[in-house]
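*Asks:* Dropping the sequence and predicted coords here.
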Amino acid sequence: MMTTIPNLDELIRMALLEDVGDGDHSTLACIPPTATNTAKMVAKAEGIVCGMEVGERVFNFVNDSFYHSRIPLTVALHKQDGDTVKKGDILMTIEGASGVILTAERTALNFMQRLSGIATQTNKMVRMLDGLHTQLLDTRKTTPNMRLLEKYAVKCGGGTNHRIGLYDMVMLKDNHIDFAGGIEAAIDRTHAYLKEKGKDLKIEIEVRNLDELEQVMRHGGVDRIMLDNFDTDTLREAVRRIDGKYETEASGGITEETLRSYAETGVDFISVGALTHHIKSMDISLVKK
């Protein structure tokens, strides 16, 4: 649920401060403070909607903390996060002070359009995996301070969250291995560190070729193996060799065009950074009712 995201109100406050500054002078100049109106938020494209609650909270935040309006504000949500919407669907109706509606409009849309775009793209790619056991993962390639929201949008679209940050899972990538002096050293030092700190974290390690895969399998001590930038034939061979002994993840430049063929190798997970850093926002508009 959106309500479980820590510091959401602070994120909204910072977004509004960035936009409003010392005042929405366009609105203040021509809209009387006692004016009231009703507006509706409308989907202009088909997709998966996300960010309904954050949009609602933006309007309430502006009403309570920027305008300190005595005019009652009513926000009615007509869709829920994860719902499929089509062009013309009304997502939300807002009734209250005209100035509040106009000042909050862009920030609310910015959140909702981006999150809905992520949910929509995720859903499109998840449906490409129908009939296969492979799960679609996001990555840490997220907008600063928007990670939890963007990962929430991935889940609304039917995807699966990878680790949230650097703190909730160990991922030994190529640079960790090279800097540590090799695969065995990286794994052994990780186990010693986790024991010393009393932490119980899963360990994933990245391999760049079948030789590195063999080194990992001989040494053991990991939970998941990331097969980075493997072509489909090599990936299929790697999955065959691993034979269920470890979770498997494919990563590196996998697109809509290649997603299905990678999943058909039998790999458990496919991570796609583009889910959160290279998406098209959903077209949503706010108009006077």
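*Replies:* Yep, it's here.
*Asks:* Let me see the ranges of the helices in the stretch 51-200 of the chain.
*Replies:* Under the criterion DSSP state H, counting those that start in this stretch, the stretch 51-200 of the chain carries helices at the ranges 52-61, 98-127, 147-156, 174-180, 183-197.
*Asks:* Next, format these as JSON lines and append mean neighbour count and distance to M14.
*Replies:* To be clear about C-beta, it is placed using only N, CA and C from the backbone, and glycine gets the same treatment. Putting the helices of the stretch 51-200 of the chain into JSON lines (neighbours: other CB atoms under 10 Å; distance: least, CB to CB, whole Å) gives the following:
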{"stretch": "helix 52-61", "mean neighbour count": "22", "distance to M14": "11"}
{"stretch": "helix 98-127", "mean neighbour count": "23", "distance to M14": "10"}
{"stretch": "helix 147-156", "mean neighbour count": "22", "distance to M14": "13"}
{"stretch": "helix 174-180", "mean neighbour count": "14", "distance to M14": "32"}
{"stretch": "helix 183-197", "mean neighbour count": "15", "distance to M14": "33"}
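*Asks:* quick one, which of those helices is nearest to D211?
*Replies:* Shortest separation from D211 across those is recorded for helix 183-197, at 10.1 Å, computed as CB to CB.
*Asks:* So for E249, which of the helices of the stretch 51-200 of the chain sits nearest?
*Replies:* Comparing these against E249 with CB to CB, the closest turns out to be helix 174-180 (14.3 Å).
*Asks:* What's the separation between E150 and L11?
*Replies:* 12 Å (CB to CB, to the nearest Å).
*Asks:* Would you tell me which of the helices of the stretch 51-200 of the chain gets closest to S69?
*Replies:* Evaluated over these, closeness to S69 peaks at helix 98-127, with 5.7 Å, by CB to CB.
*Asks:* separation between G51 and M171?
*Replies:* 28 Å.
*Asks:* When those two are compared, which one has more neighbours?
*Replies:* G51 (30 against 18; other CB atoms under 10 Å).
*Asks:* Report pLDDT for the more buried one.
*Replies:* If you check G51, the pLDDT there is 97.
*Asks:* what residues are up against it?
*Replies:* Applying CB atoms under 8 Å, 6 or more residues apart in numbering, we find G51 in contact with 2, 81, 111-112, 114-116, 149, 153.
*Asks:* With respect to T134, which of those is nearest?
*Replies:* A153 (20.3 Å).
*Asks:* Show me which residues of the worst-scoring helix or strand of the chain on mean pLDDT are buried.
*Replies:* Here the helix or strand of the chain ranked lowest by mean pLDDT, DSSP states H and E is helix 274-277, holding a mean of 93. Neighbour-count burial for helix 274-277, counted by 16 or more other CB atoms under 10 Å, picks out 274-276.
*Asks:* sorry, back to before: let's have the contacts of G51 in JSON lines, adding distance to M128 and pLDDT.
*Replies:* As requested, the contacts of G51 are exported to JSON lines (distance: CB to CB, whole Å; pLDDT from 0 to 100):
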{"residue": "M2", "distance to M128": "27", "pLDDT": "62"}
{"residue": "D81", "distance to M128": "22", "pLDDT": "97"}
{"residue": "F111", "distance to M128": "27", "pLDDT": "98"}
{"residue": "M112", "distance to M128": "25", "pLDDT": "98"}
{"residue": "R114", "distance to M128": "22", "pLDDT": "98"}
{"residue": "L115", "distance to M128": "21", "pLDDT": "98"}
{"residue": "S116", "distance to M128": "19", "pLDDT": "98"}
{"residue": "L149", "distance to M128": "24", "pLDDT": "97"}
{"residue": "A153", "distance to M128": "18", "pLDDT": "98"}
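*Asks:* Can you spell out the domain ranges of the protein, please?
*Replies:* Structural domains assigned to the chain are 2-123+280-288, 126-277, following automatic domain parsing.
*Asks:* neighbours around T160, how many?
*Replies:* When neighbours are counted by other CB under 10 Å, T160 comes out with 16.
*Asks:* Would you check how far apart it and T122 are?
*Replies:* Taking CB to CB, one finds T160 at 10 Å from T122.
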